[in-house]
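Engineer: Need coordinates for the below:
(2 chains)
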Amino acid sequence: DAGVTQSPTHLIKTRGQHVTLRCSPISGHKSVSWYQQVLGQGPQFIFQYYEKEERGRGNFPDRFSARQFPNYSSELNVNALLLGDSALYLCASSVGTGSEAFFGQGTRLTVV
Amino acid sequence: GIQVEQSPPDLILQEGANSTLRCNFSDSVNNLQWFHQNPWGQLINLFYIPSGTKQNGRLSATTVATERYSLLYISSSQTTDSGVYFCAVGSNDYKLSFGAGTTVTVRA
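Structural biologist: Numbers count the residues shown, from 1 in each chain, chains lettered A, B, ... in the order given. Below you'll find the predicted structure:
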């Protein structure tokens, strides 16, 4: 069975640009969460979606947005990129909120 | 939010040695997971253990929820055990809160 898949795996963007990251959850999982991990730190929660509704939002600016589609896949959008947005972005899927989370391989975003 | 502290921050082991990693958390949780982050960044699930004890090969974990800590045991360590180990906890607010991780280096 396929695990959580994220695309692209690597991305280089210029300051001020917009980026869209994509995530496909494990089949049967209805919850998708996004995390940001900067070098040397643990992942930080950005968003959780369950049944296509936002269920939680972390302490990130409004430049960050996300959505979940009817097939439970998800997109994370970041506008007006800053150098500090350079990080590994991780997507996690779970059957429901609060159940065991499984992570994708991540998208490594570099903002120059 | 819940605070998560992991110790030690760094651990250097000789191949074959045993070790214990600790995770303390500041509030009641209904989700606790241990992960191993590989060199490419993917978080590999080790244990889902909000309470009790589990074992998987050379790894085992124990969570004492009433005392708000969890332990991860690595026995007979191998070089492939090297990497960063994260503890993550969740309560009723859906998100997982991660510790800063323990970096384990196993030398041959």
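
Engineer: By proximity to chain B, which residue of chain A wins?
Structural biologist: Taking Cβ to the nearest Cβ as the measure, the point where chain A comes nearest chain B is residue A:42, at 3.3 Å. Where you see a C-beta, it was placed from the backbone N, CA and C, and this is true even at glycine.

Engineer: is it true that that residue lies in a strand?
Structural biologist: No: counting by DSSP: H, G, I helix; E, B strand; the rest coil, one finds residue A:42 to be coil, located in no strand.

Engineer: That one: neighbouring residues, count only.
Structural biologist: When neighbours are defined as other Cβ atoms under 10 Å in any protein chain shown, residue A:42 has 21 of them.

Engineer: can I assume it is in contact with residue B:96?
Structural biologist: No: judged on Cβ atoms under 8 Å, residue A:42 makes no contact with residue B:96 at a distance of 9.6 Å.

Engineer: Residues that sit against both of these two, list them.
Structural biologist: By Cβ atoms under 8 Å, 6 or more residues apart in numbering or on different chains, residue A:42 and residue B:96 have these common neighbours: residue B:88.

Engineer: what's the pLDDT at residue 71?
Structural biologist: As the question left the chain open, I've gone with chain A. On pLDDT, residue A:71 comes in at 95.

Engineer: Please refer instead to chain B.
Structural biologist: pLDDT recorded at residue B:71 is 98.

Engineer: List the residues that contact it.
Structural biologist: B:20, B:21, B:22, B:23, B:61, B:62, B:63.

Engineer: For the residue of chain B found nearest chain A, which non-adjacent residue is closest in space?
Structural biologist: Closest approach of chain B to chain A (Cβ to the nearest Cβ) occurs at residue B:98, with a separation of 3.3 Å. Spatial nearest neighbour of residue B:98, chain neighbours left out: residue A:42 (3.3 Å); criterion: Cβ to Cβ, 6 or more residues apart in numbering or on different chains.
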